[in-house]
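Visitor: Need coordinates for the following:
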Amino acid sequence: MMRQLRESTKIIMIIVAISFVGLMVFEWGMDLSGTAGPTGGPTTLGSVNGAEISIQDFQLQYQILYEREAARAPDGLTAEQIEAIEQEAWEDVITLTLLRREAERRGIKVSDTEVVEYVKYSPPQDMLNLPAFQTDGRFDLQKYHQALADPTLRDTWAEYEDQVRRTLPIQKLEEQIVAGVEVTEADLRDAFREINERARIAYLHLDQDVMVPAERVSVSPEEIRSEYEANRENYRREASARVRWVSFRPPVTAADSARVGALADSLAAVAREPGTDFAELVEDHSDDPITTGTGGDLGWIRPETMDPALAEVLRDAQPGQILGPVRTPFGWHVLRFDDRQSQAGETRVRASQILIAVEPSPEARRAAREAAQEFARAAGENADAFAAAASGRGLEVRSTPPFERGIVVPGIGPAPAIADFVFGNDPGSVSGPLERDGTFYVVRVDERYPAGYIALDQVAQRIHDELVQREKREQVSEMMPEITAVVERGGLEGAAGRYGLQVVSTGWFNRVNNIPGIGSATPVAGAAFGLAPGQTGGPVEAPNGYYFLRVLEKEPFDPQEFESQRAEMAQRLR
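Guide: Numbering: from 1, shown residues only. Modelled structure (predicted):
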């Protein structure tokens, strides 16, 4: 048993390392590490109620959100999307910081005895399925206790104990809050209806851009200035900068891909042999740090959210079937199909993977760095020299909008070294090669702005567009009595013909689903559930305009299903 345990030492360390990170990232929204950043540099981004927020906490959460959104945007993220990710990451970090401070305010503490008992009887969840801790296919607490006593794992368990000591106060805070929450019968029924009542509608969207042509709206420079002055605080910013940059990514050659593809092909052949432990192959060969500690398990996934190549091979797969290797932008995948299920009309699949990343060769990395160094030397004189050096080498120059000082550079992501260069050097400065995630960047500081208000000329177009949309919406609102009368006489179709619009029919949705073209949790969904089949309602004002709708079908509250889900729903609401 101890031999098997020591063979599993690496995976045990990985599980301990990610167990509480995973808890905070996926349940609370961030890492509760409480550790400082790299020695010699700033470790905090700010504070909330006197509690410091570390760069490490923010950077981890930003990276998770960034990678999630980047996977959904094959054409790359816009500056607006990156800004939204920054904001979401910041709010997540603030939330947990406040929870930590609230636990301190309530005097919630943990004793040494509580920590020891938790470590002894609450192993990390992913550890329950490790073969080293199982007997006859079941978790064996005695083997886990033997591992706790193994001196070769002393540092690993010390780390786990330290994590427990920091996270138990947050868990106690949650328990205190839940204990004081009363879930009423009305709460239960409302929550059940939100998810389980369904409807289909036909709707008419009063598109203000269609109904109010641009020539019917004018915005004067005086109106723009007045709006700017009235909302001046909206245009305040901290110290910021605007930069341009080029990147040098070491190429992955066909030979690199073929070499890794051959390895993946041999792993797939081994995985198909009877008696092969797929989880062991994952542990020994996979380059995916997220799934390596769970036997490669990808969890339940909707096929449409996966890379198309993976979704295609999983479409007709049978449980236990080994698939691949499959090439995606992430590398070569060897897959084991595990199961398929349908939830609320949506198909989900479960699979496990071995991911072999295709990395550039050391020679390619060295060549990329040297090319970046040579470019930096040629581009250092002025902005024209930067552009000319890029043009002469066929490189794309990318520019950022003004961004505030932090660790995130728009278009690049969390890049502390690049941010330090930008805010530590004067306009006109050109960096040498700065590496992030295997890519080398050469950055030119175009402008530096002190803290203060953004100049009117920089936001005038944005204010103009906002005022145009506001005026169009007001004009549509003034037309509403006339439009309502047309709908009452000729229905949705009559109004659509009159105003050059289109009646759209939806699929099934509940009160919180996203309705294509409308959005999620909008007043339109609420109106739909207040009407009987065949009834027409409106106008309904939503964030993106006004709607008239007709209910096509409804699926009502099911009392028997409600009773079967009552206990689970009550716990979830608490």
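
Visitor: all helices for the stretch 1-150 of the chain, in order.
Guide: 2-7, 9-23, 55-71, 79-105, 112-121, 141-148 (DSSP state H, counting those that start in this stretch).

Visitor: Quick check: Asp150 vs Lys143, distance?
Guide: Separation of Asp150 from Lys143 (Cβ to Cβ, to the nearest Å) stands at 11 Å. To be clear about C-beta, it is placed using only N, CA and C from the backbone, and glycine gets the same treatment.

Visitor: typed the wrong thing, it's Ala158
Guide: In terms of Cβ to Cβ, Ala158 sits 20 Å off from Lys143.

Visitor: between the two, who's got more neighbours?
Guide: Per other Cβ atoms under 10 Å, whichever of Ala158 and Lys143 has more neighbours is Lys143, with 18 against 11.

Visitor: I'd guessed the more buried one sits against Pro131; true?
Guide: No. Using Cβ atoms under 8 Å as the test, Lys143 is too far from Pro131 to be in contact (10.0 Å).

Visitor: Sticking with Gln341, tell me its helix or strand.
Guide: Using DSSP states H and E, Gln341 maps to strand 331-343.

Visitor: what's the answer for Tyr203, then?
Guide: Assigned by DSSP H and E, Tyr203 falls within strand 198-206.

Visitor: elements contacting that strand?
Guide: Other helices and strands packing on strand 198-206, by 3 or more Cβ pairs under 8 Å, 6 or more residues apart in numbering; DSSP states H and E, are helix 456-499, strand 503-505, helix 523-528, strand 545-555.

Visitor: Can you give the distance from that strand to the centre of its chain?
Guide: In terms of Cα atoms, centre = their mean, to the nearest Å, the centre of strand 198-206 is found 30 Å from the chain centre.

Visitor: Give me the angle between it and strand 545-555.
Guide: 160 degrees (axes from the mean of the first three to the mean of the last three Cα atoms, to 10 degrees).

Visitor: Okay, angle between strand 198-206 and helix 456-499 too, please.
Guide: Using the same axes, to 10 degrees: strand 198-206 against helix 456-499 is 110 degrees.

Visitor: Buried ones in the next helix or strand after strand 198-206, by neighbour count?
Guide: Once strand 198-206 ends, the next helix or strand along the chain (criterion: DSSP H and E) is helix 208-211. For helix 208-211, the neighbour count (16 or more other Cβ atoms under 10 Å) marks 208, 211 as buried.

Visitor: And stretch 432-450, by the same measure?
Guide: Neighbour counts over stretch 432-450 (16+ other Cβ under 10 Å) mark 432-436, 440-446, 448-449 as buried.

Visitor: what's the average pLDDT for that stretch?
Guide: Stretch 432-450 carries an average pLDDT of 91.

Visitor: mind exporting it as PDB, just the C-alpha atoms?
Guide: Only the C-alpha atoms of stretch 432-450 are listed here, as PDB (Å, rounded to 0.1, in the frame of the first residue of the first chain):
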ATOM      1  CA  GLY A 432      12.900  44.800 -25.100                       C
ATOM      2  CA  PRO A 433      11.300  41.300 -25.400                       C
ATOM      3  CA  LEU A 434       8.800  40.800 -22.600                       C
ATOM      4  CA  GLU A 435       7.500  37.300 -22.300                       C
ATOM      5  CA  ARG A 436       4.000  36.200 -21.300                       C
ATOM      6  CA  ASP A 437       2.700  32.600 -21.800                       C
ATOM      7  CA  GLY A 438       5.400  31.700 -24.300                       C
ATOM      8  CA  THR A 439       4.900  34.800 -26.500                       C
ATOM      9  CA  PHE A 440       7.400  37.700 -26.700                       C
ATOM     10  CA  TYR A 441       6.100  41.300 -26.800                       C
ATOM     11  CA  VAL A 442       7.800  44.500 -27.700                       C
ATOM     12  CA  VAL A 443       5.800  47.500 -26.400                       C
ATOM     13  CA  ARG A 444       6.000  51.200 -27.200                       C
ATOM     14  CA  VAL A 445       4.500  53.700 -24.600                       C
ATOM     15  CA  ASP A 446       2.500  56.200 -26.800                       C
ATOM     16  CA  GLU A 447       0.900  58.200 -24.100                       C
ATOM     17  CA  ARG A 448       0.800  58.500 -20.300                       C
ATOM     18  CA  TYR A 449      -2.200  60.200 -18.600                       C
ATOM     19  CA  PRO A 450      -2.200  61.400 -15.000                       C
END
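
Visitor: quick revisit: work out the gap between the strand holding Gln341 and the centre of the chain.
Guide: 21 Å.

Visitor: residues in contact with the residue positioned nearest the centre of the chain?
Guide: Most central in the chain under Cα atoms, centre = their mean is Leu65, positioned 3.1 Å from the mean C-alpha point. Leu65 is in contact with 85, 88-89, 92, counting by Cβ atoms under 8 Å, 6 or more residues apart in numbering.

Visitor: Same question for Glu88.
Guide: Leu65.

Visitor: Mean pLDDT lowest where, among the helices and strands packed on strand 198-206?
Guide: Going by mean pLDDT, the lowest-scoring of the helices and strands packed on strand 198-206 is helix 523-528, which has a mean of 88.

Visitor: Now for Arg236, how many residues are close by?
Guide: Around Arg236 there are 10 residues (other Cβ under 10 Å).

Visitor: roughly how far apart are the closest residue to it other than its chain neighbours and Arg405?
Guide: Distances taken as Cβ to Cβ, 6 or more residues apart in numbering place Tyr453 nearest to Arg236, at 5.4 Å, with adjacent residues excluded. Distance, Tyr453 to Arg405, using Cβ to Cβ: 16 Å.

Visitor: Comparing those two, which residue is more hemmed in?
Guide: Arg405 (17 against 14).

Visitor: tell me the pLDDT at that one?
Guide: At Arg405, pLDDT is 82.

Visitor: which secondary structure elements does the helix or strand where Ala387 lies contact?
Guide: Per DSSP H and E: Ala387 is located in helix 383-392. When contacts are defined as 3+ Cβ pairs under 8 Å, 6+ apart, helix 383-392 packs onto strand 240-248, helix 362-378, strand 439-449.

Visitor: which residues are in contact with the shortest one?
Guide: Residues lying outside strand 240-248 but in contact with it, judged by Cβ under 8 Å, 6+ apart, are 368-369, 371-372, 375, 383, 386, 390, 395-405, 409, 411-412, 422-423, 433, 439-449.

Visitor: Show me what the very next helix or strand once past it is packed against.
Guide: Counting by DSSP H and E, the next helix or strand C-terminal to strand 240-248 is helix 254-272. Contacts defined by 3+ Cβ pairs under 8 Å, 6+ apart place helix 254-272 against helix 278-285, strand 322-328, strand 331-343, strand 346-356.

Visitor: Mean pLDDT, mean neighbour count and distance to Glu197 added to these, as CSV?
Guide: Shown next, in CSV, are the helices and strands packed on helix 254-272 (pLDDT from 0 to 100; neighbours: other Cβ atoms under 10 Å; distance: least, Cβ to Cβ, whole Å):
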stretch, mean pLDDT, mean neighbour count, distance to Glu197
helix 278-285, 89, 19, 42
strand 322-328, 90, 18, 39
strand 331-343, 87, 19, 17
strand 346-356, 87, 20, 17
